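In: Give me a 3D structure for the following:
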Amino acid sequence: MAVWSGERTAQQCEKVVKVNPNGVDVAPLKVFRLPDGDATIFLQGKKRGYIVEGRFINQDAAKSEMVPDAGGFYSLPPGTYEIRLPKVSIPLSATGFFYPRSTMTRLGILKSQTAVWDSGYEGEGSQVFHFLLPARIHRDETWVQFVLMGNESDAKAGYSGHYQGEKAAGPILPRTR
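Out: Numbering: from 1, shown residues only. Alright, predicted model coming up:
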């Protein structure tokens, strides 16, 4: 098992900002604010979302899309955000990982360590960040580093779960604050 080179990893990601020796830097396609304290997370089988004011809301419909201003900056108040990433294709010979850029960590922006990206997964996945302070981040700024690690042997079958083939779909109503 070995970490793939940045050049090799870049071939598995549709939109790379910077190729590094052992991975690639990636900017989000979209940024969404997750519901805050007035929502309850609901998860049962394929039903995933939130209960808001006694009513179930699908996970994508409950999130508010953040829109960059005329200068290209997201103005993000403290809270929790999901970023949608460019399409990646994880070969059967590898496993994917997204790590926060060290700049984000140094600034006190917390990234949830979400699931391993299984062999065979293809789609525009997501990552979650938590901001303790307001932030102003340009839309072209990279938030994560994508790394592929070679498997001991090729997976016999690729990922076939709920999120296979996902797109960066978003809620209907954008939020600009």
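
In: from here on, contacts and neighbour counts on C-alpha atoms
Out: Fine.

In: Tell me, how many residues neighbour K30?
Out: For K30, the neighbour count with other CA atoms under 10 Å is 19.

In: residue contacts, it?
Out: Neighbour list for K30: 65-66, 83-85, 168 [criterion: CA atoms under 8 Å, 6 or more residues apart in numbering].

In: how much space between it and W4?
Out: 27 Å (CA to CA, to the nearest Å).

In: Kindly report the same for N58.
Out: In terms of CA to CA, N58 sits 36 Å off from W4.

In: of the two, who's got more company?
Out: Legend: neighbour count by other CA under 10 Å for N58 and W4, higher for W4 (17 against 14).

In: didn't that one look like it was pressed against V147?
Out: Yes. If you go by CA atoms under 8 Å, W4 and V147 touch, sitting 7.2 Å apart.

In: where do the contact lists of those two overlap?
Out: Residues touching both W4 and V147 (CA under 8 Å, 6+ apart): 22-23.

In: Can you read off the backbone torsions of the residue of the chain positioned farthest from its centre?
Out: Most distant from the centre of the chain: G54, at 28.2 Å, with distances by CA atoms, centre = their mean. For G54, the backbone dihedrals (degrees, to the nearest 10) come out as phi 80, psi 10.

In: repeat for the one 10 residues further on
Out: Here is the backbone geometry of S64 (degrees, to the nearest 10): phi -110, psi 120.

In: can you tell me how far it sits from P91?
Out: Distance, S64 to P91, by CA to CA: 32 Å.

In: what do you get for R48?
Out: Distance of R48 to P91, given as CA to CA: 27 Å.

In: Check T142 too.
Out: Counting by CA to CA, the gap from T142 to P91 is 23 Å.

In: Hmm, W143 and K111 touching each other?
Out: No. Using CA under 8 Å, K111 is not in contact with W143; the gap is 9.6 Å.

In: Between these two, which contacts overlap?
Out: Contacts common to K111 and W143, judged by CA under 8 Å, 6+ apart, are P100.

In: Where does the prediction get shaky in this protein?
Out: Within the chain, the stretches with pLDDT under 70 are 114, 168-177.
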